[in-house]
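Participant: using only what follows, build the 3D model:
(one chain, ligands or ions: 3)
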Amino acid sequence: MNNLIIGNHVSFNKNTQLLGSVKEALSYNANTFMFYTGAPQNTARYEIDDSLTEKAKELMKQNNIDINNVVVHAPYIINLANSKNMDFNIRFLKEEMSRCDKLGINKMVLHPGSHVGLGIDAGIDNIAFALNEALKMESNVSICLETMAGKGSEIGRTFEEIKKIIDKIENKNRIMVCLDTCHLNDAGYNICEFDKVLKEFDEKIGLNKIGCVHINDSKNPISSHKDRHENIGLGTISFNSLLNVIYNDLLKDVPKILETPYIGDNNESKDRLYPPYKFEIEMIRNKKFDINLLENIRNYYK
Ligand code: FE
Ligand code: FE
Ligand code: ZN
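Facilitator: Numbers count the residues shown, from 1 in each chain. Ligands and ions are numbered 1, 2, ... in the order given. Next up is the predicted model:
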């Protein structure tokens, strides 16, 4: 098989922690993964159990998962663009970095934040201030600023905005970018012409700054500023355009992470939801879209 680095969002539970996350990723035939160290919508976090981390690392080694390709996503309640709760946000971001260090993970994806009325420039100043404070802490973690759809007052919907933040960062070695295909589409970048998008990124920021790529189809048309992810090949971006991103030679060493929605069990209630990743990864490896994707998923898990 090729050296494609592909994985998806997995859970990280109190009792199994990183070991559970690795096992879940392996169940989808992924060779990398991303997770929140706790609930994304709150800041409650439990102690990291080093014995579970050791077992997880052993299992990763056995299965050729390089921990350098594993990514943590910072909780989305952290909003660095707004000056409200600034001290708390900085402290929590540092704690997340420490947790990553303890787990041996060196990439953390972060949404730049929403300025909620302050204006883009003030928002960018706040983000840069907070990041500079957080990055004073010694750590192996690089922060990957995620490109956003531009929903509400989100900052980071253009490469210019991301660049403005990076320009203000003192420790540039530890700041990178996470491209999200759904967000790029919704922000107005045409994924069908991905080479052009990458060229623009290279001119403005530099390809060496891409630390992670989120692979999602989109439920909405280009420039819709919505941010609703769709399963691979079932949205407006199309399977082939996503393959062009995934197999782009310029991104070959960058981890690709799926964050596509779980599939409802069409039968009785919508109670049961099934992860799509095993089947999406299979389609991606085969480079062939399967029209029966959703049925295959339901049949496998029910
Ligand atoms: Fe994200
Ligand atoms: Fe994303
Ligand atoms: Zn999103």
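Participant: quick one: the helices in this structure?
Facilitator: Remark: helices assigned in the chain by DSSP state H are 17-27, 50-62, 86-103, 120-134, 159-167, 181-187, 194-204, 239-246, 277-286, 293-301.
Participant: just the CA coordinates of the last one, formatted as CSV?
Facilitator: Spelled out, it's helix 293-301. Taking Å, rounded to 0.1, in the frame of the first residue of the first chain, the C-alpha atoms of helix 293-301 are listed here in CSV:
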residue,chain,number,x,y,z
LEU,A,293,-21.7,3.9,1.0
LEU,A,294,-24.5,4.6,3.5
GLU,A,295,-26.0,1.1,3.1
ASN,A,296,-22.7,-0.6,3.5
ILE,A,297,-22.1,1.3,6.8
ARG,A,298,-25.6,0.5,8.1
ASN,A,299,-25.2,-3.2,7.2
TYR,A,300,-21.8,-3.5,8.8
TYR,A,301,-22.7,-2.0,12.2
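Participant: where does this structure dip in pLDDT?
Facilitator: 1-2, 267-270 (pLDDT under 70).
Participant: please repeat the previous calculation with a cut-off of 50.
Facilitator: Residues of the chain meeting the criterion pLDDT under 50: 1.
Participant: relative to ligand 2, which of the helices of the chain is closest?
Facilitator: Ligand 2 sits nearest to helix 181-187 of all those, at 6.2 Å, using Cβ to the ion. The way it works is simple: take the backbone N, C-alpha and C, and place the C-beta from them, glycine included.
Participant: contact partners of the closest one?
Facilitator: Outside helix 181-187, the residues within contact range by Cβ atoms under 8 Å, 6 or more residues apart in numbering are 146-151, 157-158, 191, 197, 213-218, 220, 222-230, 235-237, 242, 245, 259.
Participant: 7 Å - rerun?
Facilitator: Identification of contacts with helix 181-187 by Cβ atoms under 7 Å, 6 or more residues apart in numbering yields 146-150, 157-158, 191, 197, 214-218, 220, 222, 224-227, 229, 236-237, 242, 245.
Participant: quick one: neighbours of S11, just the number.
Facilitator: By other Cβ atoms under 10 Å, the residues close to S11 number 12.
Participant: what residues are up against it?
Facilitator: 20-21, 24, 35.
Participant: now do the nearest residue to L273 once chain neighbours are set aside against ligand 2, distance only.
Facilitator: Closest residue to L273 apart from its sequence neighbours, by Cβ to Cβ, 6 or more residues apart in numbering: Y262 at 3.8 Å. Per Cβ to the ion, to the nearest Å, Y262 is found 16 Å from ligand 2.
Participant: CA atoms of stretch 104-112 as CSV?
Facilitator: What follows is stretch 104-112, C-alpha atoms only, in CSV (Å, rounded to 0.1, in the frame of the first residue of the first chain):
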residue,chain,number,x,y,z
GLY,A,104,3.6,12.7,23.4
ILE,A,105,1.5,14.5,20.7
ASN,A,106,3.0,17.5,19.1
LYS,A,107,0.2,19.0,17.0
MET,A,108,-2.9,20.8,18.2
VAL,A,109,-5.6,22.2,15.9
LEU,A,110,-7.2,25.4,17.1
HIS,A,111,-10.1,27.5,15.7
PRO,A,112,-8.7,31.1,15.6
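Participant: most centrally placed residue in the chain?
Facilitator: Central residue of the chain (Cα atoms, centre = their mean): H214, 5.0 Å from the mean position.
Participant: count the residues that sit near the nearest residue to that residue once chain neighbours are set aside.
Facilitator: Counting by Cβ to Cβ, 6+ apart, the nearest residue to H214 once its immediate chain neighbours are dropped is D180, at 3.8 Å. Using other Cβ under 10 Å, D180 is surrounded by 26 other residues.
Participant: ditto for P75
Facilitator: 21.
Participant: swap in the one 4 residues further on?
Facilitator: For N79, the number of neighbouring residues by other Cβ under 10 Å comes to 23.
Participant: wait, it touches H115, no?
Facilitator: No - N79 is beyond contact range of H115, at 8.9 Å (criterion: Cβ atoms under 7 Å).
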